[in-house]
Every structure is written in C-alpha cells, then in structure tokens.
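Peer 1: Generate coordinates for the sequence data below:
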Amino acid sequence: MFYQPCPAEDYEWINCRNPKDYDVFWGFDGSSRVQNWQPIKVRFISADRDHVAKQSDFPWLGSHALVMSRTAVDALRSLVDRNGEMLPLATENGRELFVLNVTRILAALDEERSTILRVPGSERIMEVSVPVFRESVVSGVDVFRLPFRTSPTYVGEGFVSACRDLKLKGLEFVRGSISR
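Peer 2: All right, here's what the predicted structure looks like:
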C-alpha cells in the first residue's frame, strides 16, 4: 500500500524567504543535489492566521518537497536514504529542517486505472487525484515520485507505520491503490 503525505490540520507550514527558491524544489527531478546544495532560507507560518500552529516534525512546504525536522530525519533515515537525500534548509530560529530530494523516480502509475488531470491540449500529467500503482514496479519501495514535474512524494506502509509508532507529528496519509 502507498500513501501521499498531506499536512495535518493545525500544524505549521513553511515558506521560502525568496519566492524564486520555490523553483529549486519544483526542479527536483531525481538527480542528486547534495554536492552543490546551498541551504534555502525558509520561515515558519501558520496555515490559518487566526491561531498559532502546532510544531510539526514535517512543516509543510508541498507534496513534492517533503520537509522533515531533525527528529524525523533521524527516525526515518534508513527508509529515506535508500530513496533520496536529505538537504538542509536555513531557518530563522535555528531549528534544523531538511527537505527530502527523492532520487527514486518510478514509472509506476497505472494510467488507465488512475484518475488523472492532464495539461489542456496535451498528454502531460498535471495532477493525479486518485493514483493506482503497478505492484510490479513499487514492490519493496519505501519512498518514490513519479516522472513528472508536479508529482507528489509517495511513501509506503513502513514509512507510515514508523511515523505512527514514533509519534511523529504533522502529517496525514491519503492511501493510493495497487494494480496487479
């Protein structure tokens, strides 16, 4: 079973200090970035301006760029290191945050069974609202993305179980399906 991480209600989000830096995260394409990485400056925000957000182990930036606290990185390292690299971010308050650059890109989507929104006038995928993955491609994988720019990060049962067992806060998980 695979899941798409989503922000839990009432937990903190982050934004890039420089709006141009979002392009760096959208540019994550499966290639390594660690050698030339310069920490991007981020700031904490509340999803709702009416109340203070709770501290999260996964401050939300977007589904394509999963952000983790030092606690989450240490707890999940064995799962994420096989599938990506943790890149440090620069925070205004000194809290250690990292963004997961997923390097495992899989053509795992069963397009016929999935619900897909395409870029008008093209075959390019803009969004997958109901993903169905091919079991033969995703078997044994803990973390991956699909080979298109707007792909979210998908995580397996082991990732979800570890987050729950370790009581890591700030994420909810939406289940996808597997085709055989």
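
Peer 1: Spatially central residue in the chain, please.
Peer 2: Closest to where the C-alpha atoms of the chain average out (C-alpha atoms, centre = their mean) is Leu66, at 3.2 Å.

Peer 1: per-residue confidence at that residue?
Peer 2: For Leu66, the pLDDT comes out at 96.

Peer 1: Verify the stated contact: it with Asp57.
Peer 2: No. With contact defined as C-beta atoms under 8 Å, Leu66 does not count as touching Asp57 (10.9 Å). C-beta coordinates here come from the backbone N, C-alpha and C atoms, glycine included.

Peer 1: CA atoms only: put the longest helix along the chain into CSV for me.
Peer 2: Scanning the chain for the helix with the most residues, using DSSP state H, yields helix 70-81. Extracted C-alpha coordinates of helix 70-81, given in CSV (Å, rounded to 0.1, in the frame of the first residue of the first chain):
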residue,chain,number,x,y,z
ARG,A,70,16.0,16.6,12.7
THR,A,71,13.9,14.2,14.9
ALA,A,72,12.0,12.9,11.8
VAL,A,73,15.2,12.5,9.7
ASP,A,74,17.0,10.6,12.5
ALA,A,75,14.0,8.3,13.0
LEU,A,76,13.3,7.6,9.3
ARG,A,77,16.9,7.7,7.9
SER,A,78,17.0,4.0,6.9
LEU,A,79,13.8,4.5,4.9
VAL,A,80,14.7,7.7,3.2
ASP,A,81,18.4,7.2,2.5
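
Peer 1: Name the single longest strand found in the chain.
Peer 2: The longest strand of the chain (DSSP state E) is strand 84-91.

Peer 1: one step back: give the contact list for the residue nearest to the centre of the chain.
Peer 2: Neighbouring residues of Leu66 by C-beta atoms under 8 Å, 6 or more residues apart in numbering: 5, 58, 99-100, 102, 153.
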